[in-house]
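Asks: Could you look at this predicted model? Sequence included:
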Amino acid sequence: MGIGEAVRLALAQIRTQKLKSFFSVVGVIIGVMFLITVVSVVEGMNRYVEEDFANAVFGINTLTVSRTPEINMTGDPDVWREYRRRPRLRFDDADAIRSSVRVPAIVGVTSGSSGNLVSSSGVEIENVRLVAASSELFRIRNYDVVKGRAFTAPEDRLGVAVIVLGWEAADKLFGTLDPVGRTVKARGLPFRVIGVLEKQGSLLGMSLDNYAIAPAHSAMSRIVNPHNVVDNILVRVDDERDMDRAGLDIEATMRVRHRLRPTQANDFAIDTAEESLSFWTRIRRILLVAFPGLVAIALVVGGIVIMNIMLVSVTERTREIGIRKAIGARRHDIHAQVLIESATLSGLGAAIGIGIGVGLAQIVRAVSPLPTAIAPVWMITSVLLGVGVGVLAGIYPAARAARLDPVVALRAE
């Protein structure tokens, strides 16, 4: 008997006993469904973190100098007390870094805080990200201005009261009106709108468009920070291969400015996307090791159920097996038939689990901020797992069926 014929007979048997077949593969369905759903979320998060999150938070080929690390998962109070004792960054630090970095780079500063914006017509929006930044920020972050223009370096040096709005902030404040040329107030201080940025979307459910950027030396700097203080110094190098060299130059400059002895640790942080997101790499590795282990438990349970069902099936079809042997079926034919039927049953369960898992992944993406990505390799892996479980579960029933004596089998009722 060929494999195709054996699969056809297996599918016919499944159609004949639909309910029993379904319940026999529930474990496989649940295991594969869980695997596809979780892996889709993990892979989606991985792509999101490595691409969108990294670019939005750190920027491409960008080093971020700050008082404390941009991402810090520690809960140690002693560490946080040490962070609070660190000196604040200043405009002079950025100037020193700009002159000391020996590779082609763009250096800018940025500071931020949450606050309210009020339009000239009295419309007020809350929890806007108010940013005081140098003009280099637009090139470092690759911000595109879709209406008006960005402010210039001379406007930044002179502290001109101009502002560039994020897409969402502009829409909430002015609706269908053109914001360019109109006035908004932040904590009572007026700023003239000169531009609106292209829509950025959201980051894990948080809007990237509800913000406003004003020159670093304008009145906005007094709103977000004490005088002459900045939150971050951004250094974007032209060539990714120069990142390490730029980092060494920045570290040397900051250590000299902070008068640190060779034995003293840095009292500042230099972050890159790769270094700061290493925590996610560790989490992803743990998830991809732990979840398949949990799935394996469901598959083992499913395999045991399939084996029991196949043993029952062999008992119910003892006479049929005897007839097959009587008309010339060899031992390995019976063995192959039972194995293929078991593998087909389990593989069908895996296919159903994949379909449900993909559907759940789409639902997760639609109703939550979690991104998902369907990886074909995991779908293929799931099918192979399902078929493998079926083959393993069918070995004992197949061996038992193949050993049946045809004479005894023909007498079975």
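Replies: Received it, and whenever you're ready, just let me know what you need.
Asks: I'd say Asn142 and Ile60 touch.
Replies: Yes: Asn142 lies in contact with Ile60 (Cβ atoms under 8 Å); the separation is 7.3 Å. C-beta here means a position set from N, CA and C on the backbone, and glycine is covered the same way.
Asks: show me where the stretch 1-150 of the chain has strands.
Replies: Using DSSP state E, counting those that start in this stretch, the strands of the stretch 1-150 of the chain run over residues 62-66, 89-90, 105-119, 124-133, 145-148.
Asks: mind listing what's buried in the last one?
Replies: Read it as strand 145-148. Residues of strand 145-148 classed as buried by neighbour count (16 or more other Cβ atoms under 10 Å): Val145, Lys147, Gly148.
Asks: thinking again about what came up before, among the strands of the stretch 1-150 of the chain, which is nearest Gly386?
Replies: strand 62-66 (44.9 Å; Cβ to Cβ).
Asks: now the longest helix belonging to the chain: how far from the chain's centre is it?
Replies: Ranked by residue count under DSSP state H, the longest helix found in the chain is helix 278-316. In this view, helix 278-316 has its centroid 24 Å away from the chain centroid, taken as Cα atoms, centre = their mean, to the nearest Å.
Asks: Show me what that helix is packed up against.
Replies: helix 18-24, helix 26-47, helix 331-367, helix 376-402 (3 or more Cβ pairs under 8 Å, 6 or more residues apart in numbering; DSSP states H and E).
Asks: So for Leu89, which of those sits nearest?
Replies: Comparing these by Cβ to Cβ, helix 26-47 comes nearest, at 31.2 Å.
Asks: CA-only coordinates of the closest one in PDB, if you can.
Replies: Provided in PDB are the C-alpha atoms of helix 26-47 (Å, rounded to 0.1, in the frame of the first residue of the first chain):
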ATOM      1  CA  VAL A  26      -7.400  18.300  21.400                       C
ATOM      2  CA  GLY A  27      -4.100  18.200  23.200                       C
ATOM      3  CA  VAL A  28      -2.200  18.700  19.900                       C
ATOM      4  CA  ILE A  29      -4.500  21.500  18.900                       C
ATOM      5  CA  ILE A  30      -4.100  23.300  22.200                       C
ATOM      6  CA  GLY A  31      -0.300  22.800  22.200                       C
ATOM      7  CA  VAL A  32       0.200  24.100  18.600                       C
ATOM      8  CA  MET A  33      -2.300  26.900  19.100                       C
ATOM      9  CA  PHE A  34      -0.400  28.100  22.200                       C
ATOM     10  CA  LEU A  35       2.900  27.800  20.400                       C
ATOM     11  CA  ILE A  36       1.900  29.800  17.300                       C
ATOM     12  CA  THR A  37       0.100  32.500  19.400                       C
ATOM     13  CA  VAL A  38       3.000  33.100  21.800                       C
ATOM     14  CA  VAL A  39       5.800  32.800  19.200                       C
ATOM     15  CA  SER A  40       3.900  35.300  17.000                       C
ATOM     16  CA  VAL A  41       3.700  37.800  19.800                       C
ATOM     17  CA  VAL A  42       7.400  37.200  20.700                       C
ATOM     18  CA  GLU A  43       8.600  37.500  17.100                       C
ATOM     19  CA  GLY A  44       6.400  40.600  16.600                       C
ATOM     20  CA  MET A  45       7.800  42.200  19.700                       C
ATOM     21  CA  ASN A  46      11.300  41.300  18.600                       C
ATOM     22  CA  ARG A  47      10.900  43.000  15.200                       C
END
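Asks: now Arg261, what's its secondary structure?
Replies: coil (DSSP: H, G, I helix; E, B strand; the rest coil).
Asks: Also the one 3 residues further on?
Replies: With three-state DSSP as the basis, the three-state label of Gln264 is coil.
Asks: count of neighbours near it?
Replies: Gln264 has 10 neighbouring residues, counting by other Cβ atoms under 10 Å.
Asks: any idea how far it is from Thr64?
Replies: 22 Å (Cβ to Cβ, to the nearest Å).
Asks: Low-confidence stretches in the stretch 251-400 of the chain?
Replies: 273-280, 288, 292, 294, 312-335, 369, 400 (pLDDT under 70).
Asks: ok, back up a step: out of the strands of the stretch 1-150 of the chain, which one sits most buried?
Replies: The highest average neighbour count among the strands of the stretch 1-150 of the chain, using mean count of other Cβ atoms under 10 Å, belongs to strand 62-66 at a mean of 23.
Asks: Which residues outside that strand are in contact with it?
Replies: Residues from elsewhere that reach strand 62-66 (Cβ atoms under 8 Å, 6 or more residues apart in numbering): 58, 70, 89, 93, 97, 140, 231-237, 243, 246-247, 250, 254, 268-273.
Asks: Select from those every entry located in helices.
Replies: Checking the contacts of strand 62-66 against DSSP H, those in helices are Asp93, Ile97, Ile140, Met243, Ala246, Gly247, Ile250, Met254, Ala273.
Asks: Can you tell me the closest non-neighbouring residue to the most centrally placed residue in the chain?
Replies: Taking Cα atoms, centre = their mean, the centroid of the chain lies closest to Met45, which sits 1.1 Å from it. In space, Met45 comes closest to Pro371 once its chain neighbours are excluded; the distance is 6.2 Å by Cβ to Cβ, 6 or more residues apart in numbering.
Asks: tell me which element that neighbour falls in.
Replies: Per DSSP states H and E, Pro371 falls between elements, in no helix or strand.
Asks: List the residues that contact it.
Replies: Val41, Gly44, Met45, Arg47, Tyr48, Arg365.
Asks: Next, format those as JSON lines and append distance to Ile352.
Replies: Compiled in JSON lines, those are given as follows (distance: Cβ to Cβ, whole Å):
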{"residue": "Val41", "distance to Ile352": "20"}
{"residue": "Gly44", "distance to Ile352": "22"}
{"residue": "Met45", "distance to Ile352": "26"}
{"residue": "Arg47", "distance to Ile352": "27"}
{"residue": "Tyr48", "distance to Ile352": "28"}
{"residue": "Arg365", "distance to Ile352": "21"}
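Asks: Tell me the one among those nearest to Ser119.
Replies: Closest to Ser119, out of all of the contacts of Pro371 and judged by Cβ to Cβ, is Tyr48, at 33.3 Å.
Asks: ok, so what distance separates the closest one from Thr372?
Replies: On the measure of Cβ to Cβ, Tyr48 and Thr372 end up 9 Å apart.
Asks: Give me the more crowded residue out of the two.
Replies: Thr372 (24 against 20).
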